[in-house]
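Colleague: just a sequence and a predicted model for now, questions to come.
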Amino acid sequence: QDLPFEQVVEIAQPPRRLDHTPLFQVLLAWQNHDEGTLALPDLRVEPLPTTFNAVKFDLELVLSETTEGTVAGSLNYVMALFDAATVERYRGYLLQVLRAIVADAAQPIARIDLLDDAERTLLLQSWNQTDTPYPQGQCIHHLFEQQVLRTSDAVALVFDNQSLTYAQLNAQANQLAHYLMVQGIGPDDRVALCVERGTALVVGLLAILKAGGAYLPLDPVYASER
């Protein structure tokens, strides 16, 4: 509070970057200085609201208490990073927190809900309408086999530089499924699937399902006792 920001930067000498200001990028300033009163004979003096055409930081919230006992301020932002709608939403979050604190000053900040009813409905309902018709009574490997018939030559699986078409993936899974059934795997049997991430993982998963079993994924980095 006793030093200008430029002097703090000069003392701290942080690594400088062109894409953001040093030390911090978001500022909350509470201006608690006493502006005093100006009185001149036959002259009325009043402060004029200040507007900024430039900001020093990515996001600045500057607040102060007025002579009427209210809190006033401004929320300034870099237009290259934020648009007006986003900043207005941030403002709503702040007001939501302040209202919650006034209602119950003893509650932890972490329990205060930032979303109002309108935004909660937008996120959880309007933007989350993901219901879609889905075949009932069919397993995932059955649905996969139907897709094989529709797009057998299309690429179904890509890992690093490897790729498998639907037909190739289905053929490899069928071959492994037949081997599992010869080994006695059937409905309700559990099969451990311990393999590094890659195409073999998906082939093994489908093969176990095709044989009627249930796969139990095991990470190869697990300790042998596990």
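Modeller: That came through, no problem.
Colleague: just give me how far stretch 25-36 sits from the chain centre.
Modeller: From the chain centre to the centre of stretch 25-36 is a distance of 31 Å (Cα atoms, centre = their mean, to the nearest Å).
Colleague: err, stretch 84-104, not the other one
Modeller: 20 Å.
Colleague: who touches it?
Modeller: With Cβ atoms under 8 Å, 6 or more residues apart in numbering as the test, stretch 84-104 has contacts from 59, 61, 75, 77, 107, 109, 112-116, 119. Using the backbone N, CA and C atoms, a C-beta is placed for each residue, glycine as well.
Colleague: kindly recompute the last result at 7 Å.
Modeller: 75, 77, 107, 112, 114, 116 (Cβ atoms under 7 Å, 6 or more residues apart in numbering).
Colleague: stretch 207-217 now?
Modeller: 139-141, 173-174, 176-177, 180-181, 185-187, 189-193, 205.
Colleague: quick revisit: list buried residues within the contacts of stretch 84-104.
Modeller: Neighbour-count burial (16 or more other Cβ atoms under 10 Å) applied to those gives 77, 112.
Colleague: want to throw the contacts of stretch 84-104 into JSON lines with distance to residue 55 and pLDDT?
Modeller: Converted to JSON lines, these look like this (distance: Cβ to Cβ, whole Å; pLDDT from 0 to 100):
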{"residue": "75", "distance to residue 55": "10", "pLDDT": "91"}
{"residue": "77", "distance to residue 55": "7", "pLDDT": "93"}
{"residue": "107", "distance to residue 55": "33", "pLDDT": "92"}
{"residue": "112", "distance to residue 55": "27", "pLDDT": "91"}
{"residue": "114", "distance to residue 55": "24", "pLDDT": "87"}
{"residue": "116", "distance to residue 55": "27", "pLDDT": "82"}
